[in-house]
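In: Test case, fold it:
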Amino acid sequence: TVCAWASKRVGQPVKWTCDRSEAFLCDAHGRDHVTHAELATDAEGHILGFRVATRANMGAYLSTFASAVPTYLYATLLSGQYAIPAIHCEVDAVYTTTAPVDAYRGAGRPEATFLVERIVEKAARELGIDGAEFRRRNFVRSFPHQTPVIMCYDTGDYAASLDKALEMADYAGFSARRAEAEARGRLRGIGLSNYIEACGIAPSAAVGSLGAGVGLWESAEVRVNPTGNVEVLTGSHSHGQGHETTFAQLVSARLGIPIGQVTIVHGDTDKVQFGMGTYGSRSGAVGMSAIVKALDKVEAKAKKIAAHVLEAAEGDIEFKDGRFTVAGTDRSLAFAEVALNAYVAHKFPTSEIEPGLKEGAFYDPTNFTFPAGCHVCELEVDPETGVVEIVSFVAVDDSGV
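Out: Numbering: from 1, shown residues only. Next comes the predicted model:
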């Protein structure tokens, strides 16, 4: 605010950069919970219930997203990868004399995973069941799965991630490695973490239920020029994730054109239509889905144009590897040729098909996506000095298609 005021006052750009000490003291902090949790199981190690009471520090002032993080983004993930029939969570948000908290690197989901995996491991040890086996015994196996805490998981294969991680980490050989470490005077341990995420933050109905004043859909526009070059306008703004490459790869593969013919435009309010931005792991799941929907429209219109140019029925036009082909024949047109014909507009009735090849789409998903995975860490501790050495770390992440 001061920078904007000063810039206007002196008629020059004004920039202020904080030092690291100021940033650590004053920037929004990530997470601060004090939690009491209880897990109930039967004698065979099947989880029956999970009860959680959390006090979440908001800091001295309430920031933009603070209260949603330890509630909607934390409590709703407390089922983890497990089929837990009953879950109760109470969250009390408290003000303190510390810096405000806000959404930071995962926001709520890491806290949930930490809590679930710590208590699952504790339960396995108290019951005398191997940690991996205890987890496997309680995995969700039937989908869709409605959890007791709002979320409905659409699909997943948690055992596959666990099996792959255990294989890569040579979990079966851990006992021998621990014995060898003990012979050297070292303590060796191994730990598992099976996480689930709620990504693609978007469903307008979901955020509307929280009182949001706007939907969280995403938009895209695909403009095909007469040369066959493609300009994509997206509301998902890149700030270092590489959208310019990933989005272009999607368009290149879908249209069968070189990636160099694709330009991604974001953040230009002179050109880009409305968009909701990048956060909540939504750029791929929501932003790219909007692009796919726009590409669907481009392909559908291009097939109509190709049918007229090739003098064939629209239903006989196939599109593959950048060519429109009359099924069962060698008559075809390259994507660029159809793009040119779209603008020349001589060979199709413009009363039925508008000239040009430019389509837009808005995408509002009906659910989150639920990536999941398994991480395995093996480490050694020097009992005399307390120095810890991470011997191996294996991560298997299933983010879907």
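
In: Quick one: find the helix or strand in the chain with the lowest mean pLDDT.
Out: helix 204-209 (a mean of 86; mean pLDDT, DSSP states H and E).

In: Just list what it packs against, helices and strands only.
Out: Judged by 3 or more C-beta pairs under 8 Å, 6 or more residues apart in numbering; DSSP states H and E, helix 204-209 has no packing partners among the helices and strands. Bear in mind the C-beta positions are built from the backbone N, C-alpha and C, glycine included.

In: That helix: which residues count as buried?
Out: If you call a residue buried by 16 or more other C-beta atoms under 10 Å, then helix 204-209 has these buried ones: 204, 206-207.

In: which residues make contact with that helix from outside it?
Out: By C-beta atoms under 8 Å, 6 or more residues apart in numbering, the surrounding residues in contact with helix 204-209 are 201, 214-217, 364, 366, 368.

In: Now list the buried members of the residues you listed.
Out: Judged by 16+ other C-beta under 10 Å, buried ones among those: 201, 215-217, 364, 368.

In: Closest one to residue 120 out of the residues you listed, please.
Out: Among the buried ones among the contacts of helix 204-209, residue 368 lies closest to residue 120 (C-beta to C-beta), at 22.3 Å.

In: who's in contact with that closest one?
Out: Residue 368 makes contact with 151, 198-203, 206, according to C-beta under 8 Å, 6+ apart.

In: closest to residue 274 among those?
Out: residue 202 (14.1 Å).

In: Of the contacts of residue 368 - the most surrounded one?
Out: Counting neighbours by other C-beta atoms under 10 Å, residue 202 leads the contacts of residue 368 with 26 neighbours.

In: Look up how far residue 79 lies from it.
Out: Noted for residue 202: a distance of 21 Å to residue 79, by C-beta to C-beta, to the nearest Å.

In: what are the phi and psi values for residue 376?
Out: With angles defined as degrees, to the nearest 10, residue 376 sits at phi -130, psi 120.

In: Report how many residues lie close to the residue nearest to it when sequence neighbours are not counted.
Out: If the residues on either side of it in the chain are set aside, residue 376 comes closest to residue 169, at 4.1 Å by C-beta to C-beta, 6 or more residues apart in numbering. Neighbour count for residue 169, taken as other C-beta under 10 Å: 22.

In: Contacts only, for residue 169.
Out: By C-beta under 8 Å, 6+ apart, residue 169 lies in contact with 190, 376, 378, 392, 394.

In: Quickly list what the third one is bridged to.
Out: I take that to be residue 378. Beta-bridge partners recorded for residue 378 (DSSP bridges): residue 190, residue 392.

In: does it really touch residue 187, like I thought?
Out: No - with contact defined as C-beta atoms under 8 Å, residue 378 does not count as touching residue 187 (11.8 Å).

In: who has more neighbours, the two?
Out: Using other C-beta under 10 Å as the criterion, residue 378 and residue 187 rank with residue 378 on top: 20 against 13.

In: ok, now which ones touch the more buried one?
Out: By C-beta under 8 Å, 6+ apart, the contact list for residue 378 reads 169, 174, 177, 188-191, 390-393.

In: which among the residues you listed end up buried?
Out: For the contacts of residue 378, buried by 16+ other C-beta under 10 Å: 169, 174, 177, 188, 190.

In: Phi and psi next, for residue 247.
Out: Per-residue torsions, residue 247: phi -70, psi -40 (degrees, to the nearest 10).

In: Domain parsing of the protein, as residue ranges.
Out: Domains of the chain are assigned by the TED database as 19-154, 205-363.

In: which residue ranges form the helices in the stretch 201-350 of the chain?
Out: Applying DSSP state H, counting those that start in this stretch to the stretch 201-350 of the chain gives helices spanning 204-209, 243-255, 289-309, 335-344.

In: Distance to residue 83 added to those helices, as JSON lines?
Out: Output for those, formatted as JSON lines (distance: least, C-beta to C-beta, whole Å):
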{"stretch": "helix 204-209", "distance to residue 83": "23"}
{"stretch": "helix 243-255", "distance to residue 83": "34"}
{"stretch": "helix 289-309", "distance to residue 83": "29"}
{"stretch": "helix 335-344", "distance to residue 83": "47"}
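
In: Can you tell me which of these has the worst average pLDDT?
Out: Looking at the helices of the stretch 201-350 of the chain, the lowest mean pLDDT belongs to helix 204-209 (a mean of 86).

In: Tabulate the contacts of residue 169 (CSV), appending distance to residue 52 and pLDDT.
Out: Below are the contacts of residue 169 laid out as CSV (distance: C-beta to C-beta, whole Å; pLDDT from 0 to 100):
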residue, distance to residue 52, pLDDT
190, 26, 97
376, 25, 98
378, 29, 98
392, 32, 97
394, 29, 98
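
In: re the thing from before, next, format the buried ones among the contacts of helix 204-209 as CSV and append distance to residue 382 and pLDDT.
Out: Output for the buried ones among the contacts of helix 204-209, formatted as CSV (distance: C-beta to C-beta, whole Å; pLDDT from 0 to 100):
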residue, distance to residue 382, pLDDT
201, 43, 88
215, 55, 89
216, 49, 91
217, 54, 95
364, 54, 95
368, 43, 93
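
In: Show the average pLDDT along stretch 89-103.
Out: Regarding stretch 89-103, the rounded mean pLDDT is 95.

In: if we can go back for a sec, can the domains of the chain go into CSV with extra columns for distance to residue 383?
Out: Below are the domains of the chain laid out as CSV (distance: least, C-beta to C-beta, whole Å):
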stretch, distance to residue 383
domain 19-154, 20
domain 205-363, 40
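
In: Identify the bridge partners of residue 324.
Out: When bridges are called by DSSP bridges, residue 324 pairs up with residue 319, residue 333.

In: ranges for the strands of the stretch 1-150 of the chain?
Out: Listed in chain order, the strands of the stretch 1-150 of the chain (DSSP state E, counting those that start in this stretch) span 33-41, 47-59, 87-95, 145-146.

In: can you pull the contacts of residue 235?
Out: 218-220, 266, 272-277, 287, 290.

In: nearest residue to the most centrally placed residue in the chain other than its sequence neighbours?
Out: For the chain, the residue nearest the mean C-alpha position is residue 281 (3.4 Å; C-alpha atoms, centre = their mean). In this structure, residue 281 finds its nearest non-sequential neighbour in residue 199, 3.6 Å apart by C-beta to C-beta, 6+ apart.
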